[in-house]
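Asker: here is a sequence together with a model predicted from it:
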Amino acid sequence: MRKLVFIDRFAESAARYRRGYAVVAIDVVRATTTAITMAASGRRCFPVPTMKAARLLADRLDNALLAGEQDGIMPLSFDANNSPTELLARSDIERPVILLSSSGTTLCHEASKCEVAILACLRNYHAVARYLTRYPAVAIIGAGTKGEFREEDRMCCAWVAESLLDLGFAPGNRATHEIINECSRIPVDSWIGNKSAAYLKASGQEADLEFILNHVADLDALFQLRNGEVAMSQVPLEFSAWRR
């Protein structure tokens, strides 16, 4: 039986893939980019779905940082925004970060209820695709923002899925096939005129936009959700020979 890949959107769709799928969560701007960057830098990272969950976890973790945003605004009591560059600039790497965002960390939370939950962004999309060849069915889910499946997430989802097609998978439905065709080979900066990029520019966070555009396929690693934490590991050797 041929292996299948599906592209879907929004956190609630993860419930469709609880059993029999490897689920990939993607939020390019910015939750999975931030979470992956933190784990790659050696900082522990815990994505959470709500402010309440963030507070409860902060009570249990020693000297944790609260980082994130709600509706695009960093809560007053938080230490940092949902920003890979802001967090990378900090020297207190020993402090775990509790990460909250409007949509991306909710998707991470819902994906963690599935049998296999993997985080991806533009930094590690090719490594993710190589690893996923071991599974018979894959669901790649974009977080979306304010009810929209934003271009940067569609592109990253499509790049992972297209790579899987090169490795013998087939699109699981027409929508997946159409998204792959739409986003195939488009330039990485094709979305910089959209609402996500406009928000980063308007809020003085262009450094994150530049970081995302300048860090593409530069991490040859996996980032899985295990017990609420982002766990980094290398792609097994048997999956390391392939390149896009």
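Answerer: Right, received. Where do you want to start?

Asker: burial count for residue 95?
Answerer: Residue 95 has 16 neighbouring residues, counting by other C-beta atoms under 10 Å. Placement of C-beta: from N, CA and C, glycine included.

Asker: and it, how far from residue 55?
Answerer: Here residue 95 is placed at a distance of 16 Å from residue 55 (C-beta to C-beta, to the nearest Å).

Asker: check which helices and strands the helix or strand hosting residue 53 is in contact with.
Answerer: Assessed by DSSP states H and E, residue 53 sits inside helix 51-60. Applying 3 or more C-beta pairs under 8 Å, 6 or more residues apart in numbering; DSSP states H and E, one finds that helix 51-60 makes contact with strand 45-48, strand 65-68, strand 97-100.

Asker: average pLDDT for the second one?
Answerer: Average pLDDT, strand 65-68: 98.

Asker: grab the CA positions of the lengthiest helix in the chain and hand them over as PDB.
Answerer: Counting by DSSP state H, the longest helix found in the chain is helix 151-166. The C-alpha trace of helix 151-166 is given here as PDB (Å, rounded to 0.1, in the frame of the first residue of the first chain):
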ATOM      1  CA  GLU A 151       1.100  31.800   2.900                       C
ATOM      2  CA  GLU A 152       4.300  31.000   4.900                       C
ATOM      3  CA  ASP A 153       2.700  28.000   6.600                       C
ATOM      4  CA  ARG A 154       1.200  26.800   3.300                       C
ATOM      5  CA  MET A 155       4.600  27.000   1.700                       C
ATOM      6  CA  CYS A 156       6.400  25.200   4.500                       C
ATOM      7  CA  CYS A 157       3.700  22.500   4.600                       C
ATOM      8  CA  ALA A 158       4.000  22.100   0.900                       C
ATOM      9  CA  TRP A 159       7.800  21.800   0.900                       C
ATOM     10  CA  VAL A 160       7.700  19.000   3.500                       C
ATOM     11  CA  ALA A 161       4.900  17.200   1.500                       C
ATOM     12  CA  GLU A 162       6.600  17.700  -1.900                       C
ATOM     13  CA  SER A 163       9.800  16.200  -0.400                       C
ATOM     14  CA  LEU A 164       7.800  13.200   0.700                       C
ATOM     15  CA  LEU A 165       6.400  12.800  -2.800                       C
ATOM     16  CA  ASP A 166      10.000  12.600  -4.000                       C
END
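
Asker: just the buried positions in that helix, please.
Answerer: For helix 151-166, burial by neighbour count (16 or more other C-beta atoms under 10 Å) applies to 151-165.

Asker: check stretch 183-197 too.
Answerer: The neighbour-count check on stretch 183-197 (16+ other C-beta under 10 Å) flags 183, 188, 191, 192, 196, 197 as buried.

Asker: now stretch 76-86
Answerer: Buried-residue list, stretch 76-86, by 16+ other C-beta under 10 Å: 78, 79, 80, 81, 82, 83, 84, 85, 86.

Asker: list just the nearest of these to residue 47.
Answerer: Using C-beta to C-beta, residue 82 comes nearest to residue 47 of the buried residues of stretch 76-86, at 10.1 Å.

Asker: the closest one and residue 156: what is the separation?
Answerer: For residue 82, the distance to residue 156 - C-beta to C-beta - is 17 Å.

Asker: please apply the same query to residue 219.
Answerer: Taken as C-beta to C-beta, the span from residue 219 to residue 156 is 13 Å.

Asker: just for this protein, where's the confidence low?
Answerer: Counting by pLDDT under 70, the ranges of the chain that qualify are 236-244.

Asker: ok, now with 90
Answerer: Within the chain, the stretches with pLDDT under 90 are 1, 145-146, 185, 234-244.
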